[in-house]
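1. Okay, sequence plus prediction incoming.
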Amino acid sequence: MTETLQHFIGGKYVAGESGRFGDVFNPSTGEVSGKLPYATTAEVDAAVRNSQAAAEEWGKTAVPKRSAVIFKMRELMVARREQLAEVLCKEHGKTKPDALGEIQRGIDVVEFAAGVPHLIKGEFNSNIGGGIDLYSIRESLGVVAGITPFNFPVMIPLWMGAMAIACGNAYLNKPSERDPSAPNMLAEMWKEAGLPDGVWNVIHGDKEAVDALLHHPDVPAVSFVGSTPVGEYIYQEGSRHNKRVQAFCGAKNHMVIMPDADMDQAVNALVGAGYGSAGERCMAISVAVPVGKETSERLIEKLAPAVEGLKIGAWDDPDADINALITRQAKERVEGLIQRGVDEGAKLLIDGRGATLQGYENGYYVGGTLFDQVTTEMEIYKTEIFGPVLSVMAPSTYEDAVRMINDHEYGNGVAIFTRDGDAARSFTDQVDVGMIGVNVPIPVPMAFHNFGGAKRSKFGDTQMHGPESIRFFTKMKTVSSRWPSGIKDGYQLAFPTND
Ligand code: NAD
């Protein structure tokens, strides 16, 4: 049954009026599961106006009350994670354990956001001179737009949105067209948690909706996660319209394996980080960098059979290692890049093309693929493949490995596997990459630290979640204040509370 999906605005579902729809698919089977309305500029404007009215009240709501709503959402998320995972998996294709991991990382940020009374505290100096006190306060911005990608349809709206609303803003999410149902479910859950209508709205659409947000005078801030070309456009176009913009973008993450590394540990890490979620993660490892020929040979000897043994499977197959890719176009693109690698002279050790699954012949599967002898000039090295494809490149020295990493246009994540603390320490100093793992393959920081890449993996100054997100989602006011005499406003004997 094909369901016609709707926007979620002002605490209720609202049918799209544009007459423009896109199909939503179940990637595991290739079947169409829904029709998604694509909003017009006028519909986006109506959503912004709704969010703006809600933001006015919510921004004035006492911070502990905002925190209480967020805490309630955390409880709902924990109670509903199985349900949410199923909704997510049916449109994304990822396996259920993988979806539950994503949801947990979303819950982590909701928990962190519930600590906003502490996080948003200002700065204060008593008596900077002449009885004047000087203090800074952080105020909400109003309506914040969040434009989010397909690969984490729960986690990323929560990473942005929970922090945005904790800071007193209204969050207007424009999710990916590929998997819109989980973002809708989040909006329903926020309502159930007690969030006032309009503080968390969802508007669906494509470039037209995004442009309407970027050009809207009443949207002062835009947070984006997605590919680099789109992120760069959003950063430039949003900035041109005087918005603050942060854009977290594409990646090509290397993992250096030093000759002294524990090879079993390194291989396990590479298989998980390279092929988990079919490589559709911005923090996936896509380049293995064993240092020296001998390290490379030892690596491939263990890695190749492990990759060969990976099983493709539907989201609800408990034995699946590699899920379907998001669309037929994504599958064709990844297979095309594999061919390009062969044409350019890389050695294809394991070919995942042509993978089929009985009963799921129309699913978008590509099996685990492994290339050796990849060089920096090849397209498969330069491009983010976003599929289950790992390239092995073996520079002869550690210095060459670092140079290669720093010369790449992306700088999202990187890892080094070694037993040598000195090498690890030099590495963390020398690489121009935002998130670094030492014997940790997917170094995604926890909610209370900052997340973000370097070079063309990120546009804008601030990071995602952590203390930096408070700075992104608030503006600062600084007050100089002198009170010649105290305030006398009567007395109250009951224990003081916020109510
Ligand atoms: P995408 O760039 O295609 O889409 C992201 C969002 O932008 C979606 O909401 C989409 O509707 C919108 N969009 C797409 N094309 C647009 C256009 N021309 N104009 C305006 N808006 C447009 O990305 P995706 O395929 O959904 O996600 C995968 C990408 O996201 C990968 O490159 C991945 O590395 C990146 N990503 C980065 C991070 C990070 O934190 N750095 C995290 C997750 C994903």
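-> Nice, I can see it. Numbering: from 1, shown residues only.
2. from the chain's centre, how far out does the one helix or strand residue 416 maps to sit?
-> According to DSSP states H and E, residue 416 maps onto strand 413-417. Taking CA atoms, centre = their mean, to the nearest Å, one finds strand 413-417 lying 19 Å from the centre of the chain it belongs to.
3. partners of it in the sheet?
-> Each strand that pairs with strand 413-417, with its direction, by DSSP bridges: strand 253-257 (parallel), strand 435-438 (parallel).
4. which SS state does residue 238 fall under?
-> What DSSP: H, G, I helix; E, B strand; the rest coil gives for residue 238 is helix.
5. re the thing from before, if you compare the strands paired with strand 413-417, which one is most tucked away?
-> strand 253-257 (a mean of 27; mean count of other CB atoms under 10 Å). From N, CA and C alone the C-beta is placed, and that goes for glycine too.
6. Quickly list what residue 455 is bridged to.
-> The residues that residue 455 bridges to, once DSSP bridges is applied, are residue 410.
7. Just give the number of residues close to it.
-> 17 (other CB atoms under 10 Å).
8. Return the residues of the stretch 251-400 of the chain in contact with the ligand.
-> 251, 282, 384, 386 (CB under 6 Å from any ligand atom).
9. what do you get if the cut-off is 8 Å, keeping everything else the same?
-> Proximity of the stretch 251-400 of the chain to the ligand, by CB under 8 Å from any ligand atom, involves residues 251, 280-283, 326, 384, 386.
10. Next, the residue of the stretch 1-150 of the chain found nearest the ligand: secondary structure please.
-> Going by CB to the nearest ligand atom, the ligand is nearest to residue 149 of the stretch 1-150 of the chain, at 3.1 Å. Classification of residue 149 using three-state DSSP returns coil.
11. For the residue lying closest to it once chain neighbours are set aside, which residues are in contact?
-> Setting aside the residues directly before and after it, residue 149 is nearest to residue 226 in space (CB to CB, 6 or more residues apart in numbering), at 4.3 Å. Counting by CB atoms under 8 Å, 6 or more residues apart in numbering, residue 226 touches 147-149, 176, 247, 249.
12. try it again with 7 Å
-> 147, 149, 249 (CB atoms under 7 Å, 6 or more residues apart in numbering).
13. Backbone dihedrals for residue 37, please?
-> phi -70, psi 140 (degrees, to the nearest 10).
14. residues touching the nearest residue to it once chain neighbours are set aside, list them.
-> Nearest non-adjacent residue to residue 37, counting by CB to CB, 6+ apart: residue 16, 2.2 Å away. By CB under 7 Å, 6+ apart, residue 16 lies in contact with 6-7, 37, 39.
15. May I ask which two of those are separated the most?
-> Distance extremes for the contacts of residue 16: the farthest pair is 6 and 39 at 10.7 Å, using CB to CB.
16. So for the two, which residue has more residues nearby?
-> Taking neighbours as other CB under 10 Å, residue 6 and residue 39 compare with residue 39 leading, 27 against 17.
17. give me every residue that touches that one.
-> 7, 16, 18, 203-205, 209.
18. Which helix or strand in the chain has the lowest average pLDDT?
-> The weakest-scoring helix or strand in the chain, judged by mean pLDDT, DSSP states H and E, is strand 123-129 (a mean of 92).
19. for the record, mean pLDDT for the helix or strand following that strand?
-> Counting by DSSP H and E, the element after strand 123-129 in chain order, helix or strand, is strand 132-140. If you average the pLDDT over strand 132-140, you get 95.
20. Mind giving me the packing neighbours of strand 132-140?
-> With contacts defined as 3 or more CB pairs under 7 Å, 6 or more residues apart in numbering; DSSP states H and E, strand 132-140 has these neighbours: strand 123-129, strand 474-482.
21. Just confirm the residue of the stretch 1-150 of the chain closest to the ligand contacts residue 228, I think it does.
-> No: using CB atoms under 7 Å, residue 149 makes no contact with residue 228, being 11.7 Å away.
22. Quick check: of the residues of the stretch 251-400 of the chain next to the ligand, which lies closest to residue 453?
-> The closest of these, once distances to residue 453 are taken by CB to CB, is residue 251, at 6.6 Å.
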